[in-house]
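J.: got a structure for you, letters missing:
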């Protein structure tokens with residue numbers, strides 16, 4: 001016969017029903033990363049760069065950062081990766097996926113041509129989507145730590161005074177004495193109040209704003225309004241820069257992506273300036289339209305010309321003629337130059353210099369021009 005338990009004695013739990021099963025965050029993260037990498041993107045795969053998971057009871061939040069192949073429709077591709085990840089995590093871990101986040105970090109070029117979607121396929125038509133809220137654990141942890149430290153120190157001092165009959169701590173008595181002798185009009189009190197007000201405004205701003213300014217919300221997929229995807233700003237800027245670099249004549253392209261507009265700065269080496277500016281604006285608009293963002297970005301183009309740029313159809317400016325160098329001064333006239341140091345022709349022997357003028361009348365006592373002096377030197381020159 002089988003022994004029956006006595007009345008009032010609780011029945012024991014079977015060994016198979018004792019304990020509980022706990023799934024670690026690391027295991028869920030590995031499942032999410034592997035599932036995101038297994039998503040079939042028309043023959044291509046996404047590359048997972050980082051992942052995270054947080055398990056709270058029977059629910060979990062998973063997030064992965066991926067690099068998608070280029071070209072691809074980011075909205076549809078991101079939703080495929082997110083759906084595959086959420087399905088596999090719920091199937092393999094047995095947990096309820098409360099939030100699954102896919103963050104596109106960058107785009108990797110793919111040599112294979114992108115598959116053409118069917119004409120009747122549902123495509124994102126745009127819609128209103130908000131940025132995801134940031135958890136901001138660091139500010140919350142700092143505030144909680146400072147508050148806990150101050151409250152613990154004050155509680156310890158109060159308990160030691162009332163229970164152990166000890167004297168109050170010097171810092172508490174000093175603070176009370178200082179507050180008793182200083183009023184609201186003191187500079188130190190006003191400065192402390194201003195600092196406290198600034199810190200309080202900062203904490204309120206963190207609590208009321210979504211954060212995550214480095215991502216852009218993407219348009220929701222029709223029929224799946226609760227699923228959201230975001231795109232990193234750097235990935236959008238790289239795509240616009242690569243598209244603008246393909247425009248002929250454009251060099252040194254720099255792109256800065258904001259929340260509402262994209263600023264593109266480039267240099268022009270050759271070609272028409274107005275035509276190139278229009279081509280850059282068209283290329284940037286086409287690249288931004290293919291991102292599938294909830295709020296389309298507006299491109300702003302700034303084009304500068306290189307120093308060697310010339311308008312089309314104009315010849316380069318001729319070089320200015322170079323003046324011949326002046327003749328170098330010589331120390332004396334050569335035998336065949338016929339000039340003296342000042343550049344004046346030398347008079348021939350037996351002739352008068354051109355700048356010398358004959359006097360109208362010879363001075364008294366001086367020989368006339370018809371008379372030959374008795375100087376032997378002059379006679380010699382005359383004979384020669």
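T.: Everything's here; your move. As the structure is a prediction and not an experimental result, all values here were calculated from the model. Numbers count the residues shown, from 1 in each chain.

J.: residue 279 versus residue 207, what's the distance?
T.: 46 Å (Cβ to Cβ, to the nearest Å). C-beta here means a position set from N, CA and C on the backbone, and glycine is covered the same way.

J.: ditto for residue 169
T.: 74 Å.

J.: okay, the two: which has more neighbours?
T.: residue 279 (19 against 16; other Cβ atoms under 10 Å).

J.: now do the same for that one: helix, strand or coil?
T.: Following DSSP: H, G, I helix; E, B strand; the rest coil, the label given to residue 279 is helix.

J.: isn't it up against residue 247?
T.: Yes - look at residue 279 against residue 247 with Cβ atoms under 8 Å: they come within range, at 5.0 Å.

J.: tell me where the stretch 1-150 of the chain has strands.
T.: Using DSSP state E, counting those that start in this stretch, the strands assigned to the stretch 1-150 of the chain run over residues 47-56, 59-70, 96-109.

J.: got the ones you listed as TSV, with mean pLDDT and mean neighbour count columns?
T.: Below are the strands of the stretch 1-150 of the chain laid out as TSV (pLDDT from 0 to 100; neighbours: other Cβ atoms under 10 Å):
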stretch	mean pLDDT	mean neighbour count
strand 47-56	89	16
strand 59-70	88	21
strand 96-109	85	18
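
J.: out of those, flag the one nearest residue 214.
T.: Nearest to residue 214 among the strands of the stretch 1-150 of the chain is strand 96-109 (9.7 Å), distances taken as Cβ to Cβ.

J.: strand partners (parallel or antiparallel) of that closest one?
T.: strand 59-70 (parallel), strand 230-232 (parallel) (DSSP bridges).

J.: any idea of the angle that strand forms with strand 47-56?
T.: Orientation check (axes from the mean of the first three to the mean of the last three Cα atoms, to 10 degrees): strand 96-109 against strand 47-56 gives 170 degrees.

J.: mind listing residues that contact strand 96-109?
T.: Strand 96-109 is contacted by residues 32, 36, 47, 49, 58-70, 72, 74, 78, 81-82, 85-86, 89-90, 132, 215, 229-232, 234-235, 238-239 when judged by Cβ atoms under 8 Å, 6 or more residues apart in numbering.

J.: now stretch 76-92: buried residues?
T.: Neighbour counts over stretch 76-92 (16 or more other Cβ atoms under 10 Å) mark 76-86, 88-90, 92 as buried.

J.: quick one: residue 228 and residue 220 touch, right?
T.: Yes - with contacts counted by Cβ under 8 Å, residue 228 reaches residue 220, the gap being 6.6 Å.

J.: how about the helices of the protein, start to end?
T.: 25-37, 74-93, 137-164, 170-181, 187-208, 233-245, 273-289, 376-383 (DSSP state H).

J.: okay, these in CSV with distance to residue 253 and mean pLDDT next?
T.: As requested, the helices of the chain are arranged in CSV below (distance: least, Cβ to Cβ, whole Å; pLDDT from 0 to 100):
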stretch, distance to residue 253, mean pLDDT
helix 25-37, 32, 89
helix 74-93, 21, 87
helix 137-164, 36, 87
helix 170-181, 60, 86
helix 187-208, 35, 85
helix 233-245, 5, 89
helix 273-289, 9, 90
helix 376-383, 87, 41
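
J.: distance to residue 255 for these - can I get that in JSON lines?
T.: JSON lines is the format used below for the helices of the chain (distance: least, Cβ to Cβ, whole Å):
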{"stretch": "helix 25-37", "distance to residue 255": "28"}
{"stretch": "helix 74-93", "distance to residue 255": "17"}
{"stretch": "helix 137-164", "distance to residue 255": "30"}
{"stretch": "helix 170-181", "distance to residue 255": "55"}
{"stretch": "helix 187-208", "distance to residue 255": "29"}
{"stretch": "helix 233-245", "distance to residue 255": "4"}
{"stretch": "helix 273-289", "distance to residue 255": "8"}
{"stretch": "helix 376-383", "distance to residue 255": "93"}
